[in-house]
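# got a structure for you, letters missing:
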DNA sequence: GACGATGCGGAGCGCGCGTTCCGGTGGTCA
DNA sequence: TGACCACCGGAACGCGCGCTCCGCATCGTC
C-alpha cells in the first residue's frame, strides 16, 4: 500500500475523488464506467485498486460516516446534552440528505454500512449522545441507538420525497422530546 | 375491453393477480418473466394486456391506493376526527409496509403515483381527514396534505429499516399532536 | 540509457431484463 | 362443423452494466 508506484497512488486518489463526487450525486446507481471516465482512468484501473464497485462505494461511504462519528465524539462531553443532541440530529440529516451515497448506504436494509469499523464508531457515538440527552431529561427514554438510526433513515426518506421542507424534520424532533412521550403515555392511560 | 375473447379476459385476470402477489412481495424489482410464469402465461401475453411493466405496476398499485382512498372517504364524516385521523394514519402505514409495491410507488421521487385518478382521490381524502383533525385541535396546524404524505413515506422507510418496531411510528404520531407543536413553539420563543 | 516489473486502458464477455416477433393453437360464430 | 382470426407462448433481440483480460506504456532501478 505504501510501496505502490507513484502513478498508481495518484490514480487511486483520482478514483476515490471521482467516486466521492459521482456517488454523492447519484448514489449506487451511477455506472462504474462513469466514475472511471470522471477520474480520467480506465475501468480496469478502478478494479486494480478496489475489488468491486461495492467495495469502492463502501470505502467512500465509510470515510464520510467516520466524519460524522468524529463530530459526535467531539460533542460527547459538551454541556447542555439536550440541545447538543438535537442540533447534531438535525445536522446529520441535513448533511446526509445532500449526499445520495449516504442515503443509499443507510437505507440499505440490515444496516450493512454499520458492520465495518467507522460504522460501528458512528453507532457508538450516536448512542452516547442519545443516552446523555435522555439522562438530562430532554429526550424520551423509550428509545435506543438502533431506533434513532431508523428514525434518521426515515427523515432522509422524507427529505428526499419533499426536499427542503425543514418543518417535517421538526415533527420528528418534537416527537423525540420527553414531553411528547409523556403526552402519549397520558393519552393511552385513561 | 368488454368484447374480449373469454380466454383473453381470463388471462388478463391471472396476470393481474400474479402481478399483485409478486409486486407486493418484491416491489418493482421483480422480473416480468417471473410474473408471467407465476400467472402461467408467456411474456408476450403480459404485453398484450399492458403496454409495459411500468403500466402493469401502476395498475396494481393504483387499485390498492384506491382502496385506501375509499377507506379514508368513509371516515370523513365520523365523530372524533382526532382519533379517526391517527388510527387511519397508523393503519395505512401498517398496511403499506406489508406491501413492497406500495412502498416503491410512494417512495418514488416526485410522487408519480399520485398523478393518476386513484392517487388524486387518496390525496384529497387524506387532506380532508387531516383538515378535520386540525380543526378539532388534535393535530398541529402547520402541516398540509403533501407534508403528511411525505411523513408517511418516511414512516415506511423506518418500518422497512427496523421492521415491527411499533413505537417508532408513535414518535412521529406524538410529533404530529398539537401539543408537540406548542412545545416546539415555546422552546424556540424564549 | 536499458531492462524487468508494475500498472494502465479500453475492448470484450456474460448476464439479466424489458420488449418484440412470429408460427401455431384454439375460441367464436355462421 | 368448419373456417377465420384473435390470441398465445416463448425464443430471440438489444441494451446496460459489472467485471476481466491482455497488449502496451510507464516507472523504478542498475
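On my side now, so go ahead. All values derive from a computational prediction rather than experimental measurement.
# around DNA strand D, pick out the residues from chain A.
Within chain A, the residues that sit near DNA strand D (C-beta under 7 Å from any atom of the strand) are A:5, A:6, A:7, A:31, A:32, A:33, A:43, A:44, A:47, A:52, A:53, A:54. In short, each C-beta sits where N, CA and C put it, glycine included.
# narrow those residues to those in helices?
A:6, A:7, A:32, A:33, A:43, A:44, A:47, A:53, A:54 (DSSP state H).
# out of those, which are buried?
Neighbour counting by 16 or more other C-beta atoms under 10 Å in any protein chain shown classes A:32, A:47, A:53 among these as buried.
# now these as JSON lines including distance to DNA strand C?
Output for those, formatted as JSON lines (distance: C-beta to the nearest atom of the strand, whole Å):
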{"residue": "A:32", "distance to DNA strand C": "10"}
{"residue": "A:47", "distance to DNA strand C": "7"}
{"residue": "A:53", "distance to DNA strand C": "12"}
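# can you redo these as JSON lines with pLDDT?
Compiled in JSON lines, those are given as follows (pLDDT from 0 to 100):
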{"residue": "A:32", "pLDDT": "98"}
{"residue": "A:47", "pLDDT": "98"}
{"residue": "A:53", "pLDDT": "98"}
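# hang on, the earlier thing: which one of the residues of chain A next to DNA strand D is nearest chain B?
residue A:54 (17.2 Å; C-beta to the nearest C-beta).
# would you list every one of the helices in chain A?
Under DSSP H, chain A gives helices at A:6-26, A:32-39, A:43-49, A:53-75, A:81-97, A:100-107, A:117-135, A:145-161, A:166-176, A:178-187.
# ok, and what's touching the shortest one?
Going back to what we said before, that points to helix A:43-49. Contacts to helix A:43-49, defined as C-beta atoms under 8 Å, 6 or more residues apart in numbering or on different chains, come from residues A:8, A:11, A:12, A:15, A:32, A:33, A:35, A:36, A:39, A:56.
# could you tell me how many residues sit around the nearest residue to the third one once chain neighbours are set aside?
What it means is residue A:12. In space, residue A:12 comes closest to residue A:49 once its chain neighbours are excluded; the distance is 4.7 Å by C-beta to C-beta, 6 or more residues apart in numbering or on different chains. Neighbourhood size, residue A:49 [other C-beta atoms under 10 Å in any protein chain shown]: 19.
# isn't residue A:75 up against residue A:129?
Yes: contact criterion C-beta atoms under 8 Å: residue A:75 and residue A:129 qualify, at 6.3 Å.
# between these two, which one's more packed in?
Taking neighbours as other C-beta under 10 Å, residue A:75 and residue A:129 compare with residue A:129 leading, 24 against 16.
# do you know how far that one is from DNA strand C?
41 Å (C-beta to the nearest atom of the strand, to the nearest Å).
# quick check: residues of chain A near chain B?
Within chain A, the positions near chain B by C-beta under 8 Å from any C-beta of the partner chain are A:107, A:109, A:111, A:140, A:142-143, A:146-147, A:149-151, A:153-158, A:160-162, A:165, A:167-168, A:170-177, A:179-181, A:183-184.
# give me the buried entries from the residues you listed.
Neighbour counting with 16+ other C-beta under 10 Å marks A:107, A:111, A:140, A:143, A:146-147, A:149-151, A:153-158, A:160-162, A:165, A:168, A:170-177, A:179-181, A:183-184 as buried within the residues of chain A next to chain B.
# re earlier: need the pLDDT of the residue nearest to residue A:12.
Residue A:49 carries a pLDDT value of 98.
# and the pLDDT at the residue of chain A found nearest DNA strand C?
Nearest residue of chain A to DNA strand C: residue A:44, at 1.9 Å (C-beta to the nearest atom of the strand). Listed pLDDT for residue A:44 reads 98.
# any weak-confidence spans in chain A?
Chain A contains residues with pLDDT under 70 at A:1-2, A:181-190.
# try 50
Scanning chain A for pLDDT under 50 picks out A:188-190.
# leaving out sequence neighbours, find the closest residue to the residue of it found nearest chain B.
Here chain A gets closest to chain B at one residue, residue A:175, 3.0 Å apart by C-beta to the nearest C-beta. Excluding its sequence neighbours, the residue lying closest to residue A:175 (C-beta to C-beta, 6+ apart) is residue B:175, at 3.0 Å.
# could you do residue A:145 as well?
Here the nearest residue to residue A:145 in space, its sequence neighbours aside, is residue A:127; by C-beta to C-beta, 6+ apart that works out to 3.3 Å.
# residues touching the one you found, list them.
Going by C-beta under 8 Å, 6+ apart, the list of residues near residue A:127 reads A:144, A:145, A:148.
# among those, the buried ones, what's the PyMOL command?
To isolate the buried ones among those in PyMOL, judged by 16+ other C-beta under 10 Å, type:
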select buried, chain A and resi 145+148
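# got JSON lines for the contacts of residue A:127, with distance to residue B:119 too?
Shown next, in JSON lines, are the contacts of residue A:127 (distance: C-beta to C-beta, whole Å):
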{"residue": "A:144", "distance to residue B:119": "37"}
{"residue": "A:145", "distance to residue B:119": "37"}
{"residue": "A:148", "distance to residue B:119": "32"}
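# residue A:82 contacts residue A:139, correct?
Yes: Residue A:82 is within contact range of residue A:139, at 6.9 Å (criterion: C-beta under 8 Å).
# mutual contacts of these two, please.
residue A:133.
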